[in-house]
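Trainee: Quick one, what's the 3D model for this:
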Amino acid sequence: MPKILLFGAGGVGSIYAYILMQAGASVTVVCRSNYETVQEHGFTINSAIWGQGIHVRPGVVRTPEEAKDVEWDFVILCSKAMPGSKPSTADIIRPAISPRTAVVLCQNGIHIEDEYASAFPNNAIISTVIYLPVTQIAPGIITHGHLEWIEVGTYPHNAPAAHKAKVVELAELFRAGNGTIHVYEDVQVCRWNKLITNGSWNPICALSLSKDIDFLASSPLSTSMIQSVMLEIVKIAQAAGYMDITEKNAETHLDRVLGRIPDKGVYPSMVADAIHMRPMEIEAIVGNPLKVAREKGVKTPTLDVVYALISALDQANARRRAEGKS
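Mentor: Numbers count the residues shown, from 1 in each chain. Coordinates of the predicted model:
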């Protein structure tokens, strides 16, 4: 029976706990604010795919330190990607990492794998891209929409055969639990494709406190602004060697939102973080792509402005948190 530790037991972590437990894995989740509720009652999942009122009862710990006496087959990170944070997430999970453990990154962004590869040079690092509309609406209470799939591959893509075998093992577990998973030789192309959406809608909707469809309707300039950011991300991806990322990808992402019914817009996850003054994944989804742009000589005038503004908002919220304001 595979032993799996999930770090970040919110909406995404709860769904993956359910899938992996369905597959017969032994699953423990690291809970923070929802620890008491999940320990006593587990998760209740209301899913558009699997049904309503699903009860999931994984093991529960408060920290990876509490899980250090188990040799975990997989440690799956479903927390936000915060490059440069102190302590780093790699440092926090270190007590739970043994020589057999594969570290699985279910996180957004570009170039987020390096800190884990550096911290655990002999362990398999599995990078993923997830599509999972899910929200924890109250501690332990989860709502899940009509979408569920995950794209996976090793980091780096030419990792040793033993590391690639861990990807196959993880894929088999997801399929056994009725999850949808696709294995890629180089999953970074999937990361860049999703970044077209994350790097544009997340910061812009957070800055405007808008749903995606509402932002588009807000002014005659809104659609062209989103297009500009998306196309700049495409140029960065191509400069980084991912020529399969094209303007067509950007058109597809934009058309998906343009085709929505006006009252069915979406708040990207960064909007809630902005409203509640929580730290935002700015470096992972905006800062790191801009670093690549600078290295490759790609001009990104619109994304530069977005980065400057969202960084200022994040720092203002940090000051307000420190002052105890809401």
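Trainee: Which residue of the protein lies farthest from its centroid?
Mentor: Pro220 (31.3 Å; CA atoms, centre = their mean).
Trainee: helix or strand for it, which one?
Mentor: Here Pro220 sits in a region with no helix or strand, counting by DSSP states H and E.
Trainee: So what does it have for phi and psi?
Mentor: Backbone geometry at Pro220, expressed as degrees, to the nearest 10, gives phi -70, psi -20.
Trainee: again with Asp69
Mentor: Dihedral angles (degrees, to the nearest 10) for Asp69: phi -90, psi 0.
Trainee: pLDDT at it, what is it?
Mentor: Asp69 is assigned 94 on the pLDDT scale.
Trainee: quick one, what contacts the closest residue to Lys296 other than its chain neighbours?
Mentor: Among residues not flanking Lys296 along the chain, Ala239 sits closest, at 3.7 Å (CB to CB, 6 or more residues apart in numbering). To be clear about C-beta, it is placed using only N, CA and C from the backbone, and glycine gets the same treatment. Ala239 makes contact with Val292, Ala293, Lys296, Gly297, Val298, according to CB atoms under 8 Å, 6 or more residues apart in numbering.
Trainee: what's the helix or strand for the second one?
Mentor: When elements are assigned from DSSP H and E, Ala293 belongs to helix 288-296.
Trainee: So what touches the next helix or strand after that helix?
Mentor: Sequence-wise, the next helix or strand downstream of helix 288-296 (DSSP H and E) is helix 301-322. Applying CB under 8 Å, 6+ apart, the contact partners of helix 301-322 are 199, 203-204, 206-207, 225, 228-229, 232-233, 274, 277-280, 282, 286-287, 289-290, 293, 326.
Trainee: quick one: average confidence on helix 301-322?
Mentor: pLDDT averaged over helix 301-322 gives 97.
Trainee: mind exporting it as CSV, just the C-alpha atoms?
Mentor: Output of helix 301-322 as CSV, limited to C-alpha atoms (Å, rounded to 0.1, in the frame of the first residue of the first chain):
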residue,chain,number,x,y,z
PRO,A,301,5.8,46.2,-21.6
THR,A,302,2.3,45.2,-20.5
LEU,A,303,3.4,42.3,-18.2
ASP,A,304,6.0,44.7,-16.7
VAL,A,305,3.2,47.1,-15.6
VAL,A,306,1.0,44.2,-14.3
TYR,A,307,4.0,42.9,-12.2
ALA,A,308,4.8,46.3,-10.8
LEU,A,309,1.2,46.9,-9.7
ILE,A,310,0.4,43.4,-8.3
SER,A,311,3.7,43.5,-6.4
ALA,A,312,2.8,46.8,-4.9
LEU,A,313,-0.6,45.5,-3.8
ASP,A,314,1.0,42.4,-2.3
GLN,A,315,3.4,44.5,-0.3
ALA,A,316,0.6,46.9,0.8
ASN,A,317,-1.4,43.9,2.0
ALA,A,318,1.7,42.7,3.9
ARG,A,319,2.0,46.0,5.7
ARG,A,320,-1.7,45.9,6.6
ARG,A,321,-1.4,42.4,8.0
ALA,A,322,1.6,43.5,10.1
